[in-house]
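Asks: Give me coordinates for this.
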Amino acid sequence: MQIIDTFLFSEPHEKEVLLIKLILGGDYISEWIIVENDYTFQGEYKGLFARHVIDSDQRFAPYRDRIHIISAQNKHPPIDYTLADVDTQGMNSERRQRSLAREYIIHKYQDDTWVLLSDADEALDLTSDPNHLFFLLEKLSASKDGLVCVPRRRFWYDFDNLWLALRATPMTTVKRIRQAEGEMGMGFLRSDNIGAHGEWKYPLLFEYSYCYPKEAILRKYRTFPHGGMTNEEILQSMRCNHIPISSLRGKKLDLHQDLWMEKVALTPQNSPKYVREHLQSLQTHVVDSNYQQNRLADYPFLYTWKHRTEFAVKQAIKKLFKAIR
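Replies: Modelled structure (predicted):
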């Protein structure tokens, strides 16, 4: 059974997470297909970097013969922040770019080849534990529709900073990719199948989003599909260790665990071996070490008895309605 991995690449600050992806995939990924574009998802010219990043660092040498780069020169339309569908605009640009890999994949691979539809910062870990590969192959073999959503453990801002909101990364057969026609078809295969899923017996897939120096994090937010967040909102999210709360989207901070991140001790149950062994050199240290005290200082209303009680009641009502359905 062949497994390939296709994903987007942006700028040089993604080098270390790209290397982690390749190391964790090891000899079990037949090919990594990188799709890059010389414009950002917000319409800014940036150039192409993937080839230079890979060729200029000898750590990539063991993987170069299994890397294929698709480079495009598509000027994505700038996001119009006066419209209501801000995220849809950026995501459509991403879906178009991701779908550029379709023709290469369907012409090179057989229908039963499995394709991981990922990002540069999402790594399928098949090297930390020999059980991982066999467990994944069992899941793929059991699929009746050519689609498996692999639960994704998410680390943001630093390699030991866990975001509690679980998501998934889809794996699909080439047959399904053949059926995903249109300029965004393959992109929708990804975006329609990344929702929350329960955890598996073995954690196989890890996300290291924004695990960069602070300036690179700010740069990433200025170029990725979900634009419109201010530097102040992003820096505040690092000060108190939560996701950025964008005034543009009208989102409010609450006690729900999906909004918060926590520093954790890395173990074989929650992290890849390579990351644990290299944590000291990988760490970014961008999250304020006093983030828990900062939360109390910056958001005192969240910790009042009244707010905690109201939140608990709302969550209980949601759980009740869910059970009734």
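
Asks: Quickly run through the sheet partners of the longest strand belonging to the chain, with directions.
Replies: For the chain, the strand that runs over the most residues, judged by DSSP state E, is strand 161-173. Take DSSP bridges as the rule and strand 161-173 pairs in its sheet with strand 114-117 (antiparallel), strand 147-156 (antiparallel), strand 261-263 (antiparallel).

Asks: Kindly reformat these as CSV containing mean pLDDT, mean neighbour count and distance to residue 97.
Replies: Where you see a C-beta, it was placed from the backbone N, CA and C, and this is true even at glycine. Putting the strands paired with strand 161-173 into CSV (pLDDT from 0 to 100; neighbours: other C-beta atoms under 10 Å; distance: least, C-beta to C-beta, whole Å) gives the following:
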stretch, mean pLDDT, mean neighbour count, distance to residue 97
strand 114-117, 98, 24, 13
strand 147-156, 97, 20, 20
strand 261-263, 97, 18, 28
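
Asks: Which one, of these, ends up nearest to residue 48?
Replies: Residue 48 sits nearest to strand 114-117 of all those, at 21.6 Å, using C-beta to C-beta.

Asks: helices and strands around the next helix or strand after that closest one, which ones?
Replies: Downstream of strand 114-117, the next assigned helix or strand under DSSP states H and E is strand 122-124. When contacts are defined as 3 or more C-beta pairs under 8 Å, 6 or more residues apart in numbering; DSSP states H and E, strand 122-124 packs onto strand 3-9, helix 15-25, strand 205-209.

Asks: Contacts for the helix or strand following the second one next, please.
Replies: Sequence-wise, the next helix or strand downstream of helix 15-25 (DSSP H and E) is strand 31-37. The set of residues external to strand 31-37 that reach it, using C-beta atoms under 8 Å, 6 or more residues apart in numbering, is 4-10, 21-22, 25, 48-50, 63, 66-74, 76, 97-98, 100-101, 104-105, 120.

Asks: quick one, what contacts residue 9?
Replies: For residue 9, the contact set (C-beta under 8 Å, 6+ apart) comprises 18, 34, 35, 36, 49, 50, 120.

Asks: Need the buried ones from the contacts of strand 31-37 selected in ChimeraX.
Replies: A single ChimeraX command is used to select the members of the contacts of strand 31-37 judged buried by 16 or more other C-beta atoms under 10 Å:
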select :4,5,6,7,8,9,10,21,22,25,49,50,63,66,67,68,70,76,97,98,100,101,105,120
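
Asks: bridging residues for residue 161?
Replies: residue 263.

Asks: Does it touch residue 265 like I think?
Replies: No. Judged on C-beta atoms under 8 Å, residue 161 makes no contact with residue 265 at a distance of 11.7 Å.
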